[in-house]
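**Student:** Model the structure of this input:
(one chain, ligands or ions: 1)
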Amino acid sequence: MGSAAVFTLDICDDPFCVGQRTVPCLTSRIRYTRRTFYATIAAIVKGRIAMLKGKTILLGVTGGIAAYKAAELTSLLVKAHACVHVIMTKNATQFINPITFETLTGNKCITDTFDRGFAFEVEHISLAKKADAAVIAPATANVLAKLAHGLADDMLTTTLLACDCPKLAAPAMNTRMYENPVTQDNLAALQRYGWRLIEPASGRLACGDSGKGKLADVTDIFEAILQETAFPHDLAGTRILVTAGPTQEAIDPVRYITNRSSGKMGYAIARMARLRGADVTLVAGQTALQDIPGVEMVKIRSAADLFREVTARAPQQDIVIKAAAVADYRPAAVAEEKLHKKDDDLSLTLERTEDTLQYLGDHKRPGQLLCGFAMETSDLEERAAMKLRKKNLDMICANNVKVEGAGFAGDTNVITILTGEKKVQLEKMTKEEAAGHILDELLLLRGQGDNA
Ligand code: CTP
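**Tutor:** You can find the predicted model right below:
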């Protein structure tokens, strides 16, 4: 472990956490080697706080070099307010100390059935009963083989055999081991038995080989746990297409016209819809945001790209939510070579782009719900109501960029939801919370449609 890259981070820097966690959680500090990686996770965790409040997560850690990453996963779960119980195989304790998990979770880390003086034979059943989800990360070839065949010869496998909650496994091993037909058969068997597998990533492995077998990104494992446990799946079976982010309209090979959209609102909607069980497609302009696991990602640049990708998919969707900030105009001609400056001023001729939402409203199929966005600087409700009618929408989410806490770049928004009959004024809240309200209103509208 190179000391230059090591840093410390408070485990529990979340004010909501006080009184929820035990003392070690509030006072302990842990050392990480991958500062930038953790900073990314910390940013992603913003807005996820308390999503796992009241949930018990059983985390199995098995003996692979990636076992240290289970500490990062534990920290994310604890920050989301999950009650986490960790069970380690004996081999896992060679890679990471159980005290790390005890410090992070405030719970006893169980390492073996017989050697630590607890009544585990009873405890493993009670843990299995109270778990809302069980996840093994990393999962070795050995433990996967045991689970695929119902072997229960240690605390982890015994407990998992008694679990009837959602079960997830994130395999991590050498590429040859992973690709071995025996391992592949075992993984297929586990899927048949209802396990959700979180595919390993490709890259350079600890053994020096390159290929598939690296533990999946910790944030992807966390997201999969959230998808299984955080919310009731009230959107299961619903196909939702969301658009997000800015468009870019090329001037020449190196320049383009764009806007200030960060894409955060559309990404928050797509993510919340996925967490609630929907089949989600996200058509996204160029943003700095990470792909959302489990969401079909379609990346675009221009308004024309957006029109093509959205209209091709819209007929299959139950709900379309258009949060993208789409350019209304593009340069009439795109220079093939870079434009060089001259002494004179330069004028660009702009032409209209396609209005995708207008097209969707004009071609809406019965039962489909269309939700637009209106970002305004004045006359918010009047303009939004006008767009609702003109574009034949079921709902529009309006916000005034001049209001503090609303708009493009931040993590909060202040939204007014308008339907034909109703106005809902949301307070300033995180974009993920606002996304939840928007989905709730769409579900209500759908219920009204079903009853009509
Ligand atoms: N929209 C679209 N295609 C466009 C322009 C806008 O699909 N070419 C969609 C946006 O994604 C948004 C809604 O239409 O959901 C309203 O966008 P907005 O820019 O607020 O309104 P415009 O209709 O473009 O009108 P104006 O710019 O004059 O306010």
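
**Student:** Can you get me a residue count around residue 88?
**Tutor:** Neighbours of residue 88 under the rule other Cβ atoms under 10 Å: 27. From N, CA and C alone the C-beta is placed, and that goes for glycine too.

**Student:** show me what contacts it?
**Tutor:** 60, 61, 62, 67, 96, 98, 101, 109, 110, 111, 156 (Cβ atoms under 8 Å, 6 or more residues apart in numbering).

**Student:** Drop anything exposed from those.
**Tutor:** The neighbour-count criterion (16 or more other Cβ atoms under 10 Å) marks 60, 61, 62, 67, 96, 98, 101, 109, 110, 111, 156 among the contacts of residue 88 as buried.

**Student:** what's the distance between the last one and the ligand?
**Tutor:** So that's residue 156. Going from residue 156 to the ligand by Cβ to the nearest ligand atom, to the nearest Å gives 48 Å.

**Student:** I'd like the numbering to begin with 322 instead of 1 from here.
**Tutor:** Yep, numbering from 322; the last one is residue 477 now.

**Student:** That residue: which element?
**Tutor:** Following DSSP states H and E, one finds residue 477 within helix 476-482.

**Student:** For whichever residue of the stretch 472-621 of the chain sits closest to the ligand, list the residues it contacts.
**Tutor:** For the stretch 472-621 of the chain, the residue positioned closest to the ligand under Cβ to the nearest ligand atom is residue 564, at a distance of 6.1 Å. Residues touching residue 564, when contacts are defined by Cβ under 8 Å, 6+ apart, comprise 587, 603, 604, 605, 627, 631, 642, 643, 644, 645, 647, 677.

**Student:** ok, now residue 579?
**Tutor:** Residues in contact with residue 579, defined by Cβ under 8 Å, 6+ apart, are 567, 568, 569, 570, 648.

**Student:** same question, residue 676
**Tutor:** Under the criterion of Cβ under 8 Å, 6+ apart, the contact list for residue 676 reads 647, 649, 712.

**Student:** okay, it: pLDDT?
**Tutor:** Looking at residue 676, its pLDDT stands at 98.

**Student:** Could you measure from it over to residue 611?
**Tutor:** Applying Cβ to Cβ, to the nearest Å, one obtains 29 Å for the distance of residue 676 from residue 611.

**Student:** interface residues of this structure facing the ligand?
**Tutor:** On the criterion Cβ under 6 Å from any ligand atom, the ligand has as its neighbours in the chain the residues 624, 643, 645, 647, 649, 674, 676-678, 693-696, 708.

**Student:** Quick check: bridge partners of residue 409?
**Tutor:** Note on residue 409: beta-bridge partners by DSSP bridges are residue 382.

**Student:** Against residue 381, how distant is it?
**Tutor:** As defined by Cβ to Cβ, residue 409 lies at a distance of 8 Å from residue 381.

**Student:** Could you tell me which residues touch both of the two?
**Tutor:** Common neighbours of residue 409 and residue 381, using Cβ under 8 Å, 6+ apart, are residue 477.

**Student:** quick revisit: can you tell me the SS state at the residue of the stretch 472-621 of the chain closest to the ligand?
**Tutor:** For residue 564, the assignment made with DSSP: H, G, I helix; E, B strand; the rest coil gives strand.

**Student:** Pass me the low-pLDDT residue ranges in the stretch 622-771 of the chain, would you?
**Tutor:** Low-confidence segments of the stretch 622-771 of the chain (pLDDT under 70): 770-771.

**Student:** can you give me the strands in it?
**Tutor:** Shown for the stretch 622-771 of the chain, the strands assigned by DSSP state E, counting those that start in this stretch span residues 640-643, 650-652, 671-673, 690-697, 716-721, 733-734, 737-740, 744-746, 750-751.

**Student:** Show me what the fifth one is packed up against.
**Tutor:** For strand 716-721, the contact count by 3 or more Cβ pairs under 8 Å, 6 or more residues apart in numbering; DSSP states H and E identifies strand 690-697, helix 701-711, strand 737-740, helix 752-772 as packing neighbours.

**Student:** The longest one now?
**Tutor:** In terms of contacts (3+ Cβ pairs under 8 Å, 6+ apart), strand 690-697 is packed against strand 640-643, helix 677-683, helix 701-711, strand 716-721, helix 752-772.

**Student:** Tell me which of the ones you listed sits most buried.
**Tutor:** The highest average neighbour count among those, using mean count of other Cβ atoms under 10 Å, belongs to strand 640-643 at a mean of 26.
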